[in-house]
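Participant: coordinates only, sequence not included:
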């Protein structure tokens, strides 16, 4: 089963609105990363948040991490049509201090932003 | 600086054949990992290499193998292809993560689309 579970599976909004995606995971982690994937393309790294951090910002992105609830959220403010993509959370599991490149992904949230 | 480069981008193979995919990591990155993405299973970790050594391996059959060269470039090979191997294969690179680090950003390439017919 997937370590990370995104919610919702699909989200449809209008340009200018905010989009919030949630991710839950099951075991202790070193860090959590969010990625964006445009249709048929590779993954673009958005932001990394470490297990000892609670919130991070990058431009229009805000990520929170609640390790007690094993959950994270990604907020995209003032969304644009170009934000239309799939968004994935990926966890770096705590295993002997490092997991050697292994990220465990959720199934992703498909975000559609209508002009 | 250049990102992660994967070749070929698209290829079609016949069942039973084998395929080799190539990945050039970001300059200075020594860790290379591979992932398979399918509609049914999502993104799954295949293996990770560092300094020509496989350090981590996912739950895939032995038909899936890889290697890393001294310049950090990596290849993965799939032998005796099956229809279910049709997928997007993604390569990723990162700086080495030390034992005490909390992880490094992992950067992905555009992927290689493999279709098995």
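Facilitator: It's in. Just so we're clear, the structure is a prediction, and the values are computed from it rather than from any experiment.
Participant: hmm, stretch B:12-29 in reach of chain A?
Facilitator: No: for stretch B:12-29, no contact with chain A is found by C-beta under 8 Å from any C-beta of the partner chain; the gap never falls below 10.5 Å. For glycine as for every other residue, the C-beta is placed from the backbone atoms N, C-alpha and C.
Participant: Please enumerate the strands of chain B.
Facilitator: Remark: strands assigned in chain B by DSSP state E are B:5-7, B:10-13, B:19-24, B:31-38, B:42-50, B:53-57, B:64-68, B:74-78, B:87-94, B:107-108, B:112-116.
Participant: so what pLDDT did residue 37 get?
Facilitator: No chain specified, so I'll use chain A. The per-residue pLDDT reported for residue A:37 equals 97.
Participant: actually it's chain B I care about, not the one you picked
Facilitator: 96.
Participant: same question, the one 5 residues further on
Facilitator: Per-residue confidence for residue B:42 comes out at a pLDDT of 92.
Participant: contacting residues for the closest residue in space to it that isn't next to it in sequence?
Facilitator: Among residues not flanking residue B:42 along the chain, residue A:107 sits closest, at 5.2 Å (C-beta to C-beta, 6 or more residues apart in numbering or on different chains). Counting by C-beta atoms under 8 Å, 6 or more residues apart in numbering or on different chains, residue A:107 touches A:2, A:5, A:6, A:9, B:42.
Participant: Number of residues surrounding residue A:63?
Facilitator: Residue A:63 has 24 neighbours, counted by other C-beta atoms under 10 Å in any protein chain shown.
Participant: which residues does residue B:90 bridge with?
Facilitator: residue B:35 (DSSP bridges).
Participant: Done for today, thanks.
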